[in-house]
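Enquirer: Below is the sequence, then the predicted model.
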2 protein chains.
Amino acid sequence: MTSWPDQRILDLFGIDLPIIQAPMAGATTVDMVIATNRAGGLGSLPSAQLNVDGLRQALVEIRGSTKAPVNVNFFSHRSPPIDAASQARWRAMLASYYLEAGLDPAIPAAIAGRAPFDAAFCDVVEEFRPEVVSFHFGLPEQALVQRVKATGAKIISSATTVAEAIWLEANGADAVIAMGFEAGGHRGNFLSDDMTTQVGTMALVPQVVDAVRVPVIAAGGIADGRGVAAALMLGASAVQVGTAYLFCPEARIPDVHRSAIEASRDNSTAITNVFTGRPARGVVNRLMREIGPLSVDAPAFPTAGGALAPIRAKAEAASRDDFTSLWSGQGARLAPRMGAEELTRELYQSAINVLSQKSV
Amino acid sequence: MTSWPDQRILDLFGIDLPIIQAPMAGATTVDMVIATNRAGGLGSLPSAQLNVDGLRQALVEIRGSTKAPVNVNFFSHRSPPIDAASQARWRAMLASYYLEAGLDPAIPAAIAGRAPFDAAFCDVVEEFRPEVVSFHFGLPEQALVQRVKATGAKIISSATTVAEAIWLEANGADAVIAMGFEAGGHRGNFLSDDMTTQVGTMALVPQVVDAVRVPVIAAGGIADGRGVAAALMLGASAVQVGTAYLFCPEARIPDVHRSAIEASRDNSTAITNVFTGRPARGVVNRLMREIGPLSVDAPAFPTAGGALAPIRAKAEAASRDDFTSLWSGQGARLAPRMGAEELTRELYQSAINVLSQKSV
């Protein structure tokens, strides 16, 4: 096999292909992780919607199926205090949707669970010793970072700006994901909430490469071999790909989400905070159009989603995507449609083909 | 010299290097165009702030200095009707800035002139027969497009979405500029005003390449050889570079603008409509922070700027950039600092170097 011109991430993680399957809370399954690993890429297991037992069970399955390195991903936000006034305002904004769905706007809201990394999760990391541990929204407190490092795991996290990349390197990251504006799902931003100044992948990656010494992983708008090859030119050592894996049979997403990304065009998505309270990119739908895409009234992450659950369930049962978070990046149309193992190989091989065709 | 792996734009325009210096109304000088042409790139003369005599004079100078192909650029917006109510609202919003500057908020506003392409400009095109004519904000009416085509000029224009690229190809464009979200200055959008769904260069270029048959020029966030090489991987045949040329001694920009881009970081810019009425990317400054970056009260393009002229002049005289449009893309920090001729060669040569280093 032709070798990749930048070996730093391959050496750091001990993987064969410079393709990291993005951890997508909810959508990524154990099967997706195993399939990616089988191809020689880095499979990433998201833990934000798992409890400790669920995570342990997933890792037993993965370790039983493959000897390849694995990435376990955690959110590292701080859980916000309960804010009854903010929740009441939010419920009032959603009341008309409840009434339209024939639901009582006063029924108690479910808890929208996104568990941040903590000592109990860290116990599982120490038990299973994943080769890579990735975080989103910065890094956890240093004591936990040091416990993870002591297991021998390499630590990575996402930067949406050069300042965040420098912060991550200074606080223990062994590599940095430069997450461009095009990327789907939650933005990794943690030093600034300003969505008007977020940076596109083409501009972000080389500026991050210039600012840190650790290797850089490019993310955002990369869904085929052309994007993988372009990321290499910008100075990235590897890529993280999310949206393309949503089309795989191994992805677990609602039918309305699958339909939305199948129909998605280059300009079908926007950054919104109305589903969780944090900005994230998804296909524009009714809730985003009517109260977003960015609303100052969305309660703090992750508490916005609980109040949406009843109207979302009703709508999905009627095949409507009005209240479902339809996470997707801007490159959905580029994605090859195949299984996760084949996709991982295809992303690499088509990048090699592009590099060969455009050689000087 | 090593040859560029995609010759389509070079052949179409008759140029040596796949580097198009972006037409930047106000900032681009005749000297910049000539210097770019001398290096073998395509110099682009912006006409939006020239009258017919000014354009003629500039073209006499350019044609007298170089035999190389030249691009003349025009805005193709439709001039809006005079809207006194909108102007009054706008003046009221700015009144406190007038008072702060010791100015009478009731003094008559200057006319903010951005002249769209018309029959008189077309006469000049027929007289000087530039090899390339580029438009921004779509294309002019078909009768004018046909007159331009009859001169033998190749026509290009900017697309910010795939739909705009398809429209441009269908309406006579010989090549399309895929203008990513990262790009500085006015967005080229003309089919949609929705700034929440604008697309990053990494995602836009390959989707445009897949959607049209004409060659594609990548723009947005490209300010060094890495970006040029990345654009090639995405399927672009050439690149258009703006911001990097602003640092050249040939650029004519206010001192406060030069200082702002010198200090600019990856996330220093935002898309704003408060300077002209149309969305454009520039370094965030006081006016953008206080009434923008996007304001529903900004009068229709190009009429927003007139009322800013007095407070802008006062501020600039005191070396403050509060009311100056500080157009810049997100890649300013990447730009090599040198003259326009050397810059054009450097962008190409460093792209070739990156391609060689990352070959498979």
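Expert: Nice, I can see it.

Enquirer: going forward, measure contacts between C-alpha atoms and count neighbours the same way
Expert: OK.

Enquirer: residue contacts, the residue in the stretch 201-350 of chain A that chain B sits nearest to?
Expert: Residue of the stretch 201-350 of chain A nearest chain B, by C-alpha to the nearest C-alpha: A:Ala230 (4.1 Å). By C-alpha atoms under 8 Å, 6 or more residues apart in numbering or on different chains, the contact list for A:Ala230 reads B:229-234.

Enquirer: For the stretch 101-250 of chain A, which residues are neighbours of chain B?
Expert: A:161-162, A:181-182, A:196-204, A:206-207, A:220-222, A:226-227, A:229-235 (C-alpha under 8 Å from any C-alpha of the partner chain).

Enquirer: Indicate the residue of the stretch 1-150 of chain A located nearest to chain B.
Expert: Using C-alpha to the nearest C-alpha, the single residue of the stretch 1-150 of chain A nearest to chain B is A:Pro5, 5.4 Å away.

Enquirer: Go ahead and confirm that residue touches B:Ser359.
Expert: Yes. With contact defined as C-alpha atoms under 8 Å, A:Pro5 counts as touching B:Ser359 (6.8 Å).

Enquirer: For chain A, which segments count as helices?
Expert: With DSSP state H as the criterion, chain A has helices at A:8-13, A:30-39, A:52-65, A:84-100, A:119-128, A:142-150, A:162-170, A:201-211, A:225-233, A:243-246, A:255-263, A:286-291, A:309-317, A:340-357.

Enquirer: Could you export those as JSON lines, including mean pLDDT and distance to B:Val133?
Expert: Shown next, in JSON lines, are the helices of chain A (pLDDT from 0 to 100; distance: least, C-alpha to C-alpha, whole Å):
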{"stretch": "helix A:8-13", "mean pLDDT": "98", "distance to B:Val133": "45"}
{"stretch": "helix A:30-39", "mean pLDDT": "98", "distance to B:Val133": "48"}
{"stretch": "helix A:52-65", "mean pLDDT": "97", "distance to B:Val133": "58"}
{"stretch": "helix A:84-100", "mean pLDDT": "95", "distance to B:Val133": "51"}
{"stretch": "helix A:119-128", "mean pLDDT": "98", "distance to B:Val133": "60"}
{"stretch": "helix A:142-150", "mean pLDDT": "98", "distance to B:Val133": "57"}
{"stretch": "helix A:162-170", "mean pLDDT": "98", "distance to B:Val133": "37"}
{"stretch": "helix A:201-211", "mean pLDDT": "98", "distance to B:Val133": "27"}
{"stretch": "helix A:225-233", "mean pLDDT": "98", "distance to B:Val133": "29"}
{"stretch": "helix A:243-246", "mean pLDDT": "98", "distance to B:Val133": "38"}
{"stretch": "helix A:255-263", "mean pLDDT": "98", "distance to B:Val133": "35"}
{"stretch": "helix A:286-291", "mean pLDDT": "98", "distance to B:Val133": "38"}
{"stretch": "helix A:309-317", "mean pLDDT": "97", "distance to B:Val133": "50"}
{"stretch": "helix A:340-357", "mean pLDDT": "98", "distance to B:Val133": "31"}
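
Enquirer: Nearest to B:Ser79, out of those helices?
Expert: helix A:286-291 (29.7 Å; C-alpha to C-alpha).

Enquirer: Would you mark the buried spots in the closest one?
Expert: A:287-288, A:291 (16 or more other C-alpha atoms under 10 Å in any protein chain shown).

Enquirer: Also stretch A:340-357?
Expert: Those would be A:340-355, for stretch A:340-357 by 16+ other C-alpha under 10 Å.

Enquirer: again, but for stretch A:79-97
Expert: Here stretch A:79-97 shows A:86-87, A:90-91, A:94-95, A:97 as buried, counting by 16+ other C-alpha under 10 Å.

Enquirer: Please list all residues in contact with A:Phe190.
Expert: Here A:Phe190 is in contact with A:137-138, A:164 (criterion: C-alpha under 8 Å, 6+ apart).

Enquirer: domains in chain A, as residue ranges please.
Expert: A:8-77+A:114-249+A:330-357, A:81-113+A:269-327 (automatic domain parsing).

Enquirer: quick one: terminal-to-terminal distance for the shortest one?
Expert: This stretch, domain A:81-113+A:269-327, spans 26 Å end to end (C-alpha to C-alpha, to the nearest Å).

Enquirer: Same question for the longest one.
Expert: For domain A:8-77+A:114-249+A:330-357, the separation between the terminal residues is 24 Å (C-alpha to C-alpha).
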